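Student: Give me the fold of what follows.
(2 chains)
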Amino acid sequence: MLELRQVSFDVAADGREKEIIRGVDLTIPNGKLVVVTGPNGGGKSTLAKLIAGIETPTGGRIFFEGEDITDKSITDRAKCGIGFAFQQPVRFKGIRVLDLIRIAAGRTLSVAAACHYLSAVGLCAREYIDREVNASLSGGELKRIEIATVLARKCKLSVFDEPEAGIDLWSFQNLIEVFRHMRETIEDSSILIISHQERILNIADEIVVIKDGAIVNRGSKDDVLPTLIGTSAAVRRCEKTGFEEGENDLW
Amino acid sequence: MVKLDEIQKRLLMEVADLHTVPEGAYNIRSNSASAGRRSTEHIEIVSKTDVSGLEVHIAPGTKNESVHIPVVLTQTGLKEVVYNDFFVGDDADVVIVAGCGIDNCGSQDAEHDGIHRFYVGKNAHVKYVEKHYGSGTGTGKRILNPGTEVYQQENSFVEMEMVQIKGVDDTERTTTAELDAGAKLVVRERLMTHGNQNAVSTYVVKLNGEGASADVVSRSVARDDSFQKFDAKIIGNAPCQGHTECDSIIMDNGRILAVPGLEANNVDAALVHEAAIGKIAGEQLTKLMTLGLTEAEAEEQIINGFLR
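Tutor: Predicted coordinates:
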């Protein structure tokens, strides 16, 4: 379980302190899939980075499995069981997909085992396992490999920062299935997804809306989603007709 | 065959991946003496009579054979210049593995300057692998100055893999090549310098015949207080294609000078150069740290991948 208590994050901009995150209290219980949504620039990605340790809060504390991890490094948090999928995956010259998945798994996986994670994100494993994670891969391919590395870690908490960004429609369909499957098998782990996409919000146990660095709404999917898209009828329409790219981007 | 001691065996493993006597033709040179040699039906290795070195004659049409000519030095103060000439017959297809390992535990410099000349016949294919490695705790420097000259006849193909990852204090590498029509040269150089090391790599490739092509790519890492210079020049004298690239990671107080050069003397010469020098991207470190590596481990993975 992850718990944020009065977490704040300020940065200096134009000689003044600017509040990016303002006193956020947030709990992500085990066994739950929580989606954080909200307008661009509202602080969602910053919140994800604060959880992964990439940014350090200027106020408040973060607890994971009962332990105060506020001062822990990125590495220590990863070792505690927090996984993080970047919004914009990083490229590496010379490091192969297989290497990255093995690093993620923290052990020498067999090629077959590594391929399993690629297949899970809809990539033909044989075609990708020996490729370098470099500029020859498209944005969508990189994104799926990024998600595969998080799957390979088998984390207690997996954080995905806008997994839909830069991904094509076909991949998106597949992505929903990946999260749906994760959702079914999380047991004593939990998932936090930063997303704008209605289809992702639709699989959430809880939706948290962040605006101007603060939580402005939270609750079950049934309570929150209709307020975002106008009416609950719209939700049903979405479920009935399926996702069409762009149409259901809420923000 | 002369018995090699443990240090010499370790050097052989580093430079030629040899745990034992290689298959095919070979000549092992240890502290200026031959420690073993074998010619085969198609590959003849003979000593030069005027200067120190070998002549390697590869018969036309020789297929899928290899030549190993590793050199190891373990005597401090030893300085040698060796001339090795390779005559590769038309249509041959061979792998040549050279390399030099120096273990210097003394106070005097140990130096091996290997001058390799390749005369590559028509339609022949040569894969040349050269690894350099230095070890030893002495204050004497470990110095390697390889000179490589390549003369490629029509439609020949030469691949060169040059690797120097560890322990060589001073290197001045000079590679020149002249290519006839349809010939192709591919060079992959990997270099890591540390401490106070100094490495200079100079290439001059002349594309003299129509359809000749060259692709010279260096990947390097300069750490600590080391210095590297990569100076690659491709000269297009005919309708041809040339590409040179220097891609470097700089760390600590390392210094890198990249001097890519192109000279086109024909309107249909298509020549491209690229050079990039930069430190390890912070986001690369961050990504690997989110996978549980420490910063130092992440750095190692990035460099290992880069120099793969």
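Student: Go ahead and flag the most central residue of chain A.
Tutor: A:Phe160 (1.0 Å; CA atoms, centre = their mean).
Student: Wait, that residue touches A:Thr149, no?
Tutor: No. With contacts counted by CB atoms under 8 Å, A:Phe160 stays clear of A:Thr149, the gap being 11.5 Å. Every residue, glycine included, has its C-beta placed from N, CA and C.
Student: Which single residue in the stretch 51-200 of chain B comes nearest to chain A?
Tutor: Closest contact between the stretch 51-200 of chain B and chain A, by CB to the nearest CB, is at B:Arg190 (9.8 Å).
Student: so what's that residue up against?
Tutor: The contact partners of B:Arg190, taken as CB atoms under 8 Å, 6 or more residues apart in numbering or on different chains, are B:161-165, B:218-220, B:307.
Student: ok, 7 Å please
Tutor: B:163, B:165, B:219, B:307 (CB atoms under 7 Å, 6 or more residues apart in numbering or on different chains).
Student: Out of those residues, which one has the weakest pLDDT?
Tutor: Here the lowest pLDDT out of the contacts of B:Arg190 sits on B:Ile165, with 79.
Student: so the residue lying closest to it once chain neighbours are set aside bridges to which residues?
Tutor: Using CB to CB, 6 or more residues apart in numbering or on different chains and skipping residues adjacent in sequence, the residue nearest B:Ile165 is B:Met192, 4.9 Å away. Taking DSSP bridges as the rule, B:Met192 bridges to B:Val221.
Student: Need the pLDDT of B:Met192.
Tutor: For B:Met192, the model assigns a pLDDT of 91.
Student: Contact partners for it?
Tutor: B:165-166, B:220-221, B:307.
Student: can we see that at 8 Å?
Tutor: B:164-166, B:220-223, B:303, B:307.
Student: Checking the residue nearest to the centre of chain A next. Helix, strand or coil?
Tutor: Three-state call for A:Phe160 (DSSP: H, G, I helix; E, B strand; the rest coil): strand.
Student: do the same with A:Ser171
Tutor: A:Ser171 ends up helix, using three-state DSSP.
Student: What distance do you get for it to B:Lys287?
Tutor: Going from A:Ser171 to B:Lys287 by CB to CB, to the nearest Å gives 20 Å.
Student: Looking at those two, which one has more neighbours?
Tutor: Under the criterion of other CB atoms under 10 Å in any protein chain shown, the comparison of A:Ser171 against B:Lys287 puts B:Lys287 first, with 27 against 23.
Student: so the more buried one touches A:Val90, yeah?
Tutor: Yes. Counting by CB under 8 Å, A:Val90 is a contact partner of B:Lys287 at 4.3 Å.
Student: ok, the residue of the stretch 101-250 of chain B found nearest chain A - contacts?
Tutor: Proximity to chain A, evaluated over the stretch 101-250 of chain B using CB to the nearest CB, is greatest for B:Asp247 at 7.2 Å. Residues counted as contacts of B:Asp247 (CB under 8 Å, 6+ apart) are A:93, B:217-220, B:274-276.
Student: same deal with B:His112?
Tutor: B:71, B:73, B:80, B:82, B:100, B:102, B:143-145.
Student: can you count the residues close to the residue of chain B found nearest chain A?
Tutor: Nearest to chain A in chain B, going by CB to the nearest CB, is B:Gly305, at a distance of 3.4 Å. Look at B:Gly305: counted by other CB under 10 Å, it has 19 neighbours.
Student: Need the nearest residue in space to the residue sitting furthest away from the middle of chain B, chain neighbours excluded.
Tutor: No residue in chain B sits farther from the centre than B:Thr290, which is 36.3 Å out by CA atoms, centre = their mean. Leaving aside its sequence neighbours, B:Thr290 sits nearest to A:Phe84 (CB to CB, 6+ apart; 4.5 Å).
Student: got the contact list for the helix or strand containing that neighbour?
Tutor: Per DSSP states H and E: A:Phe84 is located in strand A:82-85. Here strand A:82-85 makes contact (CB under 8 Å, 6+ apart) with A:2, A:48, A:51-54, A:64, A:78, A:146-147, A:149-150, A:153, A:155-161, A:163, B:290.
Student: about what we covered before: give the bridge partners for the residue nearest to the centre of chain A, please.
Tutor: Beta-bridge partners recorded for A:Phe160 (DSSP bridges): A:Ala85, A:Ile193.
Student: so what's it up against?
Tutor: Residues near A:Phe160 by CB under 8 Å, 6+ apart: A:85, A:147, A:150, A:191-195.
Student: The same query, at a cut-off of 10 Å, please.
Tutor: Contact analysis of A:Phe160 by CB atoms under 10 Å, 6 or more residues apart in numbering or on different chains lists A:35, A:48, A:83-87, A:146-147, A:150, A:175, A:178-179, A:182, A:191-195, A:200.
Student: List buried residues within the residues you listed.
Tutor: A:35, A:48, A:83-87, A:146-147, A:150, A:175, A:178-179, A:182, A:191-195, A:200 (16 or more other CB atoms under 10 Å in any protein chain shown).
Student: Low-confidence ranges, chain A, go.
Tutor: Low-confidence segments of chain A, defined by pLDDT under 70: A:230-251.
Student: who touches B:Leu285 in this structure?
Tutor: By CB under 10 Å, 6+ apart, the contact set of B:Leu285 is A:74, A:90, B:293-299, B:301-302.
Student: Out of those, name the ones that lie in strands.
Tutor: Among these, no member falls in strands (DSSP state E).
Student: on that earlier part again, in which helix or strand does the residue of the stretch 51-200 of chain B closest to chain A reside?
Tutor: strand B:184-193.
Student: After that strand, which helix or strand is next?
Tutor: strand B:198-207.
Student: Just the mean pLDDT for that next one, thanks.
Tutor: Taken as a whole, strand B:198-207 carries a mean pLDDT of 95.
Student: elements contacting it?
Tutor: With contacts defined as 3 or more CB pairs under 10 Å, 6 or more residues apart in numbering or on different chains; DSSP states H and E, strand B:198-207 has these neighbours: strand B:147-152, strand B:157-166, strand B:170-179, strand B:184-193, strand B:212-222, strand B:227-236, strand B:240-250, strand B:255-264.
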